[in-house]
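1. Model the following, please.
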Amino acid sequence: MIDALVTGLVGPYEFGFMRRALVGCLALSLSAPPLGVFLMLRRMSLMSEAMSHAILPGAAAGFLVAGLSLPAMTLGGLVAGLAVALLAGFVTRSTMLKEDASLAAFYLIALAGGVFLVSLRGSQVDLLHILFGSVLALDDPALWLMGGVSTVTLVALALLYRPLVMECVDPLYLRTVSRAGGPVHYAFLALVVMNLVGGFQALGTLLAVGLMLLPAITARFWASDLSGLIPVSMLVSVLASAIGLTVSYNAEIRLPTGPAIVLAAGALYILSMLVGPRGGMLQRLVRRRHLEA
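-> I've put the predicted structure just below:
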């Protein structure tokens with residue numbers, strides 16, 4: 001039984017495509033969850049979902065020009081995501097709309113436009129590749145891209161850590177004592193877009209946000225401050241990636257790998273919600289009974 005268990009856990013990674021998939025997911029797990037933590041603390045979690053759809057028309061434009069070309073789709077997605085972020089910020093500052101409303105408007109336009117562009121030239125398979133990714137088909141250029149995005153993100157977070165924390169706690173105070181609030185906000189949005197562009201190579205535009213937000217939300221049940229939230233979110237993302245890849249390979253029925261990874265992260269969230277020591281359901285129930293006694 002032990003031999004069968006070890007074979008099931010280690011055996012899949014004898015194949016190169018599984019090792020590349022794991023390395024790509026590990027790269028995402030180092031950079032995306034910390035951004036998710038800051039999004040959660042700033043109550044901007046749904047904004048990342050909007051941004052993930054915003055990169056679709058750029059990726060679709062790259063697909064129209066060069067087919068399933070990594071550089072073209074990456075550049076197009078990056079330009080489209082940054083354009084939507086800047087346009088939403090401009091509309092917010094020029095009209096009465098809040099940032100979430102302007103982002104929602106642009107994201108819906110971008111999503112419809114991206115699907116329309118893909119349908120002009122391509123099959124249903126091409127559309128599914130862009131929407132849901134192909135983590136088992138990651139090649140060396142895609143891994144270099146994801147590794148580069150992860151490195152840039154970690155370095156940028158180290159440089160921007162203090163103003164980001166201040167903006168989470170008291171953005172008005174940050175604007176009072178420093179002019180860094182605006183540049184830091186846009187730099188943070190750029191990092192989010194970069195990670196979504198890197199993530200869509202593996203998980204697609206619809207699921208790339210999964211490894212950004214679910215581990216961050218899960219970490220909230222295990223840690224109470226940033227010094228704990230960030231490493232716990234990374235660990236949850238690594239576990240979800242390994243579990244999703246292994247289960248999808250060993251399952252008797254054919255399971256799509258990208259959704260399996262996100263579902264594994266979702267299962268860890270539900271487990272943490274039930275038994276987490278920081279506000280989990282079981283912990284709150286025990287505390288309530290203790291107070292009643």
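
2. Now do Val184 against Val165, distance only.
-> Computed as Cβ to Cβ, to the nearest Å, the Val184 to Val165 distance reads 11 Å. Bear in mind the C-beta positions are built from the backbone N, C-alpha and C, glycine included.

3. So these two - more neighbours on which side?
-> Taking neighbours as other Cβ atoms under 10 Å, Val184 and Val165 compare with Val184 leading, 20 against 14.

4. Isn't the more buried one up against Leu160?
-> Yes: because the distance of 5.7 Å satisfies Cβ atoms under 8 Å, Val184 is recorded as touching Leu160.

5. quick one on the thing from earlier: identify the contacts common to Val184 and Val165.
-> Taking Cβ atoms under 8 Å, 6 or more residues apart in numbering as the contact rule, Val184 and Val165 touch no residue in common.

6. for the stretch 101-250 of the chain, what spans make up the strands?
-> Chain-ordered strands for the stretch 101-250 of the chain, with DSSP state E, counting those that start in this stretch as the definition, do not occur.

7. Can you list the low-confidence ranges for it?
-> Along the stretch 101-250 of the chain, segments meeting pLDDT under 70 span 121-132, 171, 173-175, 180-181, 205-206.

8. How many residues are close by the closest residue to Gly114 other than its chain neighbours?
-> With Cβ to Cβ, 6 or more residues apart in numbering as the measure, Leu56 is the residue that lies nearest to Gly114, at 3.0 Å, once sequence neighbours are left out. As a burial measure, Leu56 scores 28 neighbours (other Cβ under 10 Å).

9. Can you read off the pLDDT for Leu56?
-> Per-residue confidence at Leu56 stands at 80 (pLDDT).

10. Relative to Met273, how far out is it?
-> Leu56 sits 31 Å away from Met273 when distances are taken as Cβ to Cβ.

11. go on, Leu82?
-> 34 Å.

12. So between those two, which is more surrounded?
-> Neighbours of Leu82 and Met273, each counted by other Cβ under 10 Å, are more numerous for Leu82; the result is 20 against 16.

13. chain center to stretch 269-277: distance?
-> 20 Å (Cα atoms, centre = their mean, to the nearest Å).

14. ok, and what's touching it?
-> By Cβ under 8 Å, 6+ apart, the residues outside stretch 269-277 that reach it are Leu214, Ile217, Thr218, Arg220, Phe221, Trp222, Val236, Gly280, Met281, Leu282, Gln283.

15. mind listing what's buried in the helix ranked longest in the chain?
-> Secondary structure of the chain per DSSP state H: the longest helix is helix 140-169. By neighbour count with 16 or more other Cβ atoms under 10 Å, helix 140-169 contains the buried residues 142-143, 145-147, 149-150, 152-153, 156-157, 160, 163-164, 166-168.

16. now the helices for the stretch 101-250 of the chain?
-> 124-132, 140-169, 171-177, 181-207, 210-219, 226-250 (DSSP state H, counting those that start in this stretch).

17. so can I have JSON lines of those showing distance to Arg42?
-> Putting those into JSON lines (distance: least, Cβ to Cβ, whole Å) gives the following:
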{"stretch": "helix 124-132", "distance to Arg42": "27"}
{"stretch": "helix 140-169", "distance to Arg42": "5"}
{"stretch": "helix 171-177", "distance to Arg42": "8"}
{"stretch": "helix 181-207", "distance to Arg42": "9"}
{"stretch": "helix 210-219", "distance to Arg42": "11"}
{"stretch": "helix 226-250", "distance to Arg42": "12"}
